[in-house]
Each structure stands twice: as structure tokens, then as C-alpha cells.
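J.: Just the structure for this:
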Amino acid sequence: MKKSTLFTAGLSTLAVAVLAGCAGNSSSNLPSNAELDAMALKMEQSSFHDKGIVKVKEALTLDDTLRACDAAAVAGHPLDPATAKKLEAENLKAIQWPTDGKYLGDWKSGEKIAQSGRGRTWNDKADAANGGNCYNCHQIDPKEISYGTIGPSLYHYGKLRGVTDPASPQAQEVVKYTWGKIWNAKAYNACSNMPRAGYKGILTQKQVADIMALLLDPKSPVNQ
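T.: Got it, this is the predicted structure:
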């Protein structure tokens with residue numbers, strides 16, 4: 001989904017730049033934002049096709065949150081606070097909390113999920129487990145020498161937040177926030193770059209619980 005978001009915003013921005021250059025000083029010749037959006041959509045629809053488990057309709061469909069954030073990005077300014085607050089509230093309602101009440105799973109499994117970038121590509125099987133690809137954006141374990149910096153470092157995530165016992169009442173606020181952030185990051189920041197892992201079906205509840213354990217279990221190498 002994030003790729004389609006960036007693609008749409010990029011097409012619109014490129015179209016504005018090219019058309020502005022062609023139009024010279026006459027801004028009246030420029031198409032409207034709606035016309036540019038229609039052009040970008042037409043280009044997407046003609047460039048992509050269903051292949052394997054990847055379906056064009058699913059991959060390129062934008063919801064209200066993505067549309068609003070794309071529009072703000074193309075306009076070159078942050079999303080207005082009122083709209084952001086409204087969208088965050090809608091995304092918060094969409095979070096599915098663990099049905100069995102257990103927020104933490106197995107941190108060893110969580111590490112494997114964080115390492116894996118597999119899943120949701122045209123040559124993956126429909127029943128294959130997706131990875132979380134967490135290292136693509138975050139530092140998690142210092143022994144890993146390759147990681148992204150789009151997101152903050154998660155090393156000592158639980159330790160820095162005083163989570164010595166995830167089941168304690170004192171830790172519950174951190175635990176619940178972390179689950180919500182992984183499930184649907186846009187509930188806390190409408191235009192977050194973080195994928196909505198649970199909401200978009202990238203990860204299952206069990207996988208989210210395992211990543212939760214990686215971040216919060218005191219025995220996880222993340223908190224050593």
C-alpha cells in the first residue's frame with residue numbers, strides 16, 4: 001500500500017512540474033488537481049495488472065487517510081490538525097485488540113518476522129506467512145549491522161520505557177500503545193510512514209504478538 005501511495009503522489013507531483021514547465025507563465029493552462037489525479041489514476045490502471053496473489057484493485061485502492069495525506073504532500077504542507085485528528089480517531093477504531101487478551105507471544109519468532117521481508121508479492125503463495133520487514137526502517141538489535149533509519153531505533157524499547165513486567169498494571173499503557181502502533185500506526189499519526197501491518201492484513205494477530213514480545217519481553221535481546 002505504501003508503494004502505491006508514493007507512486008500516486010509522485011505522479012501528481014511530476015505532472016505538475018512538467019505541465020508548469022510547458023505552460024510557461026500562463027497558470028491558466030494548468031489542469032486542476034482533480035484532473036491531475038484522474039491522469040495519475042489512468043496511468044496506474046494502464047501500467048499495472050493482476051499477477052499471482054497481487055490484485056490491482058487491492059494494491060492501488062486508496063482510502064480517505066491515504067488520499068488526504070497524498071493531497072497534503074502534493075500541496076507541500078502538513079495535513080491540517082482537524083483533519084488529522086479526525087482520521088486518527090477513525091483509524092483508532094479500526095484497531096483489533098488481541099482476541100485472547102494476550103499481547104505478547106514468542107520473541108524468538110518475533111525476531112524471525114522482523115528479519116523477513118517476504119510476502120504479498122506476485123510470486124508468493126496465498127497461504128505463505130508474510131514477514132514484518134522491520135529492519136527495513138528500524139534498528140532493533142545492535143548485532144545487526146544493516147537496518148533502515150526512516151523510523152526510530154527500537155533497541156532497548158521496553159527497557160527505556162520501564163517495562164520490566166509486561167503484565168503489570170504500570171506497563172499496560174505502553175503495551176497497548178505498542179500493539180496499536182504496529183496494528184495501525186495511522187491511529188497515532190495520520191500520515192505516518194509506518195505500514196498498517198495488522199489493519200492491512202500484512203501480519204496476523206499471532207505475528208503481531210510475537211513482534212510485541214521482541215520489543216517488550218525483558219528476556220528478548222532487544223532489552224538486554
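J.: Could you look up the SS state of the residue lying closest to P221 once chain neighbours are set aside?
T.: In space, P221 comes closest to D141 once its chain neighbours are excluded; the distance is 5.4 Å by C-beta to C-beta, 6 or more residues apart in numbering. For every residue, glycine as well, the C-beta is placed using N, CA and C. Following DSSP: H, G, I helix; E, B strand; the rest coil, we place D141 in the coil state.
J.: ditto for A213
T.: Going by three-state DSSP: A213 is helix.
J.: Could you find the closest non-adjacent residue to it?
T.: A213's closest residue in space is W107 (C-beta to C-beta, 6+ apart), at 3.9 Å.
J.: how near is the one you found to W97?
T.: W107 sits at a distance of 20 Å from W97 (criterion: C-beta to C-beta, to the nearest Å).
J.: Have a look at the two and say which one is more surrounded.
T.: More crowded of W107 and W97, by other C-beta atoms under 10 Å: W107, with 22 against 12.
J.: wait, what's in contact with that one?
T.: 210, 213-214, 217, 219-220, 222 (C-beta atoms under 8 Å, 6 or more residues apart in numbering).
J.: quick one, phi/psi of N33?
T.: Backbone geometry at N33, expressed as degrees, to the nearest 10, gives phi -60, psi -40.
J.: tally of neighbours for it?
T.: 13.
J.: thought it was touching A72?
T.: No - applying C-beta atoms under 8 Å, one finds N33 not in contact with A72, separated by 11.8 Å.
J.: Apart from its chain neighbours, what residue comes closest to N130?
T.: G119 (2.8 Å).
J.: Out of the contacts of W107, list just those in strands.
T.: Among the contacts of W107, no member is found in strands (DSSP state E).
J.: could I get those residues as CSV with distance to D80?
T.: Output for the contacts of W107, formatted as CSV (distance: C-beta to C-beta, whole Å):
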residue, distance to D80
D210, 37
A213, 38
L214, 36
D217, 39
K219, 44
S220, 39
V222, 36
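J.: Against G201, how distant is the residue most central in space within the chain?
T.: Residue closest to the average C-alpha location in the chain (C-alpha atoms, centre = their mean): P195, at 1.1 Å. As judged by C-beta to C-beta, P195 and G201 stand 11 Å apart.
J.: Please apply the same query to V56.
T.: Counting by C-beta to C-beta, the gap from V56 to G201 is 17 Å.
J.: pLDDT value on the residue nearest to the centre of the chain, please?
T.: P195 is assigned 95 on the pLDDT scale.
J.: Just want the phi and psi numbers for it.
T.: Torsion angles, degrees, to the nearest 10, at P195: phi -60, psi 150.
J.: V54 too?
T.: Torsion angles, degrees, to the nearest 10, at V54: phi -90, psi 120.
J.: mind listing the strands in this structure by residue range?
T.: Going by DSSP E, the chain shows no strands.
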